[in-house]
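Undergrad: Quick check, what structure comes out for this input:
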Amino acid sequence: MKQLFSEGTYDAVVIGAGHAGCEAALALARTGLNTVILTLNLDSIGFMPCNPSVGGTAKGHLVREIDALGGEMGLNADRTALQYRMLNEGKGAAVQSLRAQTDKNRYHTEMKRVLEHTQNLRIAQGEAAEILTENGRVTGVVTAYGGVFSCRAVIVATGVYLGARTITGNVIAENGPNGFARATLLTENLEKLGYSVRRFKTGTPARLDGRTVDISELTVQAGEDVYPFSFLNDRVPPVGAQTPCYLTYTNAETHKVILENLDRAPLYNGTISSTGPRYCPSIETKVVRFADKERHQLFLEPEGADTTEVYVQGLSTSLPHDLQKQMYRTVKGLEHCEIVRYAYAIEYDCIDTLDVLPTLEFKKVEGLYTAGQINGTSGYEEAAAQGLIAGLNASLKLRGLPPLILRRDQAYIGVLIDDLVTKGTDEPYRMMTSRAEYRLTLRQDNADARLTEIGYACGLVTEQRYRAYLARKAMREETASVLQTRAEQKKADALVQEYGHPPLTGGVTYADLIRRGIPLARIAEVFGILADAPSDVKLSCETEVRYEGYLKRSEEQMQKAKKMEESPLPPDLDYAAIAGLRLEAREKLQRIRPLNLGQAERISGVSPADISVLMVYLSMKKQ
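TA: Alright, predicted model coming up:
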């Protein structure tokens, strides 16, 4: 039996220093709480085990929201970015998503530097072996070496390290990502505390030696002049200073190598039985599932400014090494490539989030929170968003303040967490714009307008950030005011004609021209207006004008939904005793115990008729 010894008394302990753990620890420490972040290895702080990028479809929204609330991910991505692009730029503003290629090693070192220079935060290397509780409350964390960190709150953010094993062909290694050690001691303790534990799987492509890649005939994916992730930053590097990526494709020969060797593929020979991500599948799955597709898109992305390593986005696999080499060399530009790090799949332990409150606190133990991939999500951005909310809610609780629960109409973060705790997930969850029913309102450009006041009220947004927000708010109001002024008739007539619209019959405002489908960028150029307004401020105001009718309709729907959210359900309500509820509804409601009618109506298996029964029941109780 190991000898226990005190490691000190703290307000909170964060287990894990990945993207969720870093945001959780910073949220706690920056709001004045004495915090420890416990990590298996200091070299894995803020580490990117998979793609060297931040953002992407819907993920860019999450990063901008994290930043608006006072989190660190957007700032760190901007500090270490090699290239920026705006995805879905040809579509509406609601689904446009910012993405940046980042320097993988610098992202880690910069995040480590931020943690090291944060007041109230101690970094400790070690493995969490047990979470201590007393009378249903957290009291501390014990390490594998017997160190006891006494505390009042714990955030578990173990990523893919818990019970991890990597799989390549028939070789199974008992380790975490990138050869890091795995965590083995905490799973049994979590089960004893009452969590339902299951196994998920994800994977990563090989890294190539860039000197052996022929880019001469590949399509260049250059960077773009877009706005940065953080609202505290004004601009991104010039396009000429950004690092290019390259586009290539799989082909019939690539697919042949895979299909002829499925018996050696762990995904198809029974070696892997855990659930993998539906929206980021391995190349084996893509080739089998989409047999009619002649090719699949691949992006060659730099891992960093000081390395020749290249990440092959889209070619994730767990095939044996000999087949990987053969497969990669069938791709145009990779005919003579040398693999620096071979691809692998990784399995890990995670929990069922139906056991978790919307604050991310465990229903059965007070002061115990989970965030990130342990909650069944995939992606750095989803993890960071949960880490921030878990850390902030732990801080609010310890400071005796009301919790922060973002609604679905307030943030993508609200959609993400509501989906997890209301619907649960049977596969690695990925955020997508289609999951947000109010996505026209929840745009990247207005994340600060939606969330910075909330972050400030919680104590996480600094005075500096808040002043910057107020300045942007004034700029947005000034821009909106300019758009309502009358345009010079002669120029307006010429511009309308340029875009093929019928002649004007009277005076028009700049807003009227936008409603006729003329881009604000062109209007600003012709009339010489808004030269000093940031691009995302102009985008925000342009979108508000162009989609004014849709936004009004969305606002009406949001108000109806809000009424349901404001109808609380008693925490001790016995659903089994309510006559009229169907059996499935009773079981689901009893299991999830929704906080309000709004959450109840989103539970799978609860029908509108069941909600009506609940409304009648609550009305009768009130009387």
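Undergrad: Just the strands from the stretch 201-350 of the chain, written as ranges.
TA: Secondary structure of the stretch 201-350 of the chain (DSSP state E, counting those that start in this stretch): strands at 207-209, 219-221, 245-249, 297-302, 309-313, 339-341, 344-351.
Undergrad: mind putting those in JSON lines, mean neighbour count and distance to residue 113 included?
TA: (Glycine included, C-beta is placed from N, CA and C.) Putting those into JSON lines (neighbours: other Cβ atoms under 10 Å; distance: least, Cβ to Cβ, whole Å) gives the following:
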{"stretch": "strand 207-209", "mean neighbour count": "20", "distance to residue 113": "25"}
{"stretch": "strand 219-221", "mean neighbour count": "12", "distance to residue 113": "30"}
{"stretch": "strand 245-249", "mean neighbour count": "19", "distance to residue 113": "27"}
{"stretch": "strand 297-302", "mean neighbour count": "21", "distance to residue 113": "22"}
{"stretch": "strand 309-313", "mean neighbour count": "23", "distance to residue 113": "22"}
{"stretch": "strand 339-341", "mean neighbour count": "17", "distance to residue 113": "25"}
{"stretch": "strand 344-351", "mean neighbour count": "25", "distance to residue 113": "27"}
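Undergrad: remind me, longest helix of this protein?
TA: Looking across the chain with DSSP state H, the single longest helix is helix 463-483.
Undergrad: on that earlier part again, between the strands of the stretch 201-350 of the chain, which one is nearest to residue 183?
TA: Shortest distance between residue 183 and the strands of the stretch 201-350 of the chain, using Cβ to Cβ, is found for strand 344-351: 8.8 Å.
Undergrad: Mind putting the strands of the stretch 201-350 of the chain into CSV with mean pLDDT and distance to residue 593?
TA: Formatted as CSV, the entries for the strands of the stretch 201-350 of the chain read as follows, by pLDDT from 0 to 100; distance: least, Cβ to Cβ, whole Å:
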stretch, mean pLDDT, distance to residue 593
strand 207-209, 98, 45
strand 219-221, 96, 48
strand 245-249, 98, 47
strand 297-302, 97, 44
strand 309-313, 97, 41
strand 339-341, 98, 45
strand 344-351, 96, 17
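Undergrad: I'd like these laid out as CSV, including distance to residue 495.
TA: Conversion of the strands of the stretch 201-350 of the chain to CSV gives the following (distance: least, Cβ to Cβ, whole Å):
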stretch, distance to residue 495
strand 207-209, 49
strand 219-221, 33
strand 245-249, 36
strand 297-302, 38
strand 309-313, 41
strand 339-341, 54
strand 344-351, 55
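Undergrad: residues of the longest helix of the chain that come out buried?
TA: By neighbour count, with 16 or more other Cβ atoms under 10 Å as the criterion, the buried positions of helix 463-483 are 465, 468, 469, 472, 475, 476, 479, 480, 482, 483.
Undergrad: what's the answer for stretch 381-399, then?
TA: Of the residues in stretch 381-399, those buried (16+ other Cβ under 10 Å) are 381-398.
Undergrad: From those, which land in helices?
TA: Among the buried residues of stretch 381-399, the ones falling in helices (DSSP H) are 381-398.
Undergrad: what's the burial count for residue 244?
TA: Residues contacting residue 244 under the criterion other Cβ atoms under 10 Å number 17.
Undergrad: what residues are up against it?
TA: The contact partners of residue 244, taken as Cβ atoms under 8 Å, 6 or more residues apart in numbering, are 83, 220, 221, 222, 223.
Undergrad: again, only using 7 Å
TA: With contacts defined as Cβ atoms under 7 Å, 6 or more residues apart in numbering, residue 244 is in contact with 220, 221, 222.
Undergrad: What backbone torsions are found at the nearest residue to the last one once chain neighbours are set aside?
TA: Okay, so that is residue 222. Nearest-residue entry for residue 222: residue 244, 5.2 Å, with adjacent residues in sequence omitted and distances by Cβ to Cβ, 6 or more residues apart in numbering. Torsion angles at residue 244 (phi, psi; degrees, to the nearest 10) stand at phi -80, psi 160.
Undergrad: repeat for residue 232
TA: Dihedral angles phi and psi of residue 232 (degrees, to the nearest 10) take the values phi -80, psi -10.
Undergrad: Quick one: neighbours of it, just the number.
TA: Residue 232 has 16 nearby residues by other Cβ under 10 Å.
Undergrad: That one and residue 399: what is the separation?
TA: 25 Å (Cβ to Cβ, to the nearest Å).
Undergrad: hang on, isn't residue 254 packed against residue 331?
TA: Yes - when contacts are counted by Cβ atoms under 7 Å, residue 254 is listed as touching residue 331 (6.1 Å).
Undergrad: And the pLDDT for the residue nearest to residue 222?
TA: The score at residue 244 is 97. That number is its pLDDT.
Undergrad: do the same with residue 428
TA: pLDDT recorded at residue 428 is 93.
Undergrad: which phi and psi does it have?
TA: Its backbone dihedrals place residue 428 at phi -50, psi 120, with angles given as degrees, to the nearest 10.
Undergrad: give me the number of residues near it?
TA: The local packing count at residue 428 equals 23, with neighbours defined by other Cβ under 10 Å.
Undergrad: Next up, the contacts around it.
TA: With contacts defined as Cβ under 7 Å, 6+ apart, residue 428 is in contact with 200, 202, 276, 277, 376, 377, 378.
Undergrad: Closest one of the contacts of residue 244 to residue 61?
TA: Using Cβ to Cβ, residue 221 is the member of the contacts of residue 244 that sits closest to residue 61, with 21.6 Å.
Undergrad: and the closest one, what are its bridge partners?
TA: Judged by DSSP bridges, the bridge partners of residue 221 are residue 245.
Undergrad: pretty sure it contacts residue 246?
TA: Yes - with contact defined as Cβ under 7 Å, residue 221 counts as touching residue 246 (6.4 Å).
Undergrad: in the stretch 451-600 of the chain, which spans are helices?
TA: The residue ranges that make up the helices of the stretch 451-600 of the chain, judged by DSSP state H, counting those that start in this stretch, are 463-483, 489-498, 510-515, 520-527, 535-546, 548-565, 583-592, 597-601.
Undergrad: In PDB, please show the C-alpha coordinates belonging to the longest one.
TA: Looking back up the chat, that one is helix 463-483. Output of helix 463-483 as PDB, limited to C-alpha atoms (Å, rounded to 0.1, in the frame of the first residue of the first chain):
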ATOM      1  CA  GLU A 463     -11.300  45.000 -18.000                       C
ATOM      2  CA  GLN A 464      -9.000  45.300 -21.000                       C
ATOM      3  CA  ARG A 465     -11.100  42.900 -23.000                       C
ATOM      4  CA  TYR A 466     -14.400  44.500 -21.800                       C
ATOM      5  CA  ARG A 467     -13.200  48.000 -22.900                       C
ATOM      6  CA  ALA A 468     -12.300  46.600 -26.300                       C
ATOM      7  CA  TYR A 469     -15.700  45.000 -26.500                       C
ATOM      8  CA  LEU A 470     -17.400  48.300 -25.700                       C
ATOM      9  CA  ALA A 471     -15.400  50.000 -28.400                       C
ATOM     10  CA  ARG A 472     -16.400  47.400 -30.900                       C
ATOM     11  CA  LYS A 473     -20.000  47.700 -29.800                       C
ATOM     12  CA  ALA A 474     -19.900  51.400 -30.500                       C
ATOM     13  CA  MET A 475     -18.300  50.800 -33.800                       C
ATOM     14  CA  ARG A 476     -21.000  48.300 -34.700                       C
ATOM     15  CA  GLU A 477     -23.700  50.800 -33.800                       C
ATOM     16  CA  GLU A 478     -22.000  53.600 -35.800                       C
ATOM     17  CA  THR A 479     -21.700  51.300 -38.800                       C
ATOM     18  CA  ALA A 480     -25.300  50.300 -38.600                       C
ATOM     19  CA  SER A 481     -26.200  54.000 -38.400                       C
ATOM     20  CA  VAL A 482     -24.100  54.800 -41.500                       C
ATOM     21  CA  LEU A 483     -25.900  52.100 -43.500                       C
END
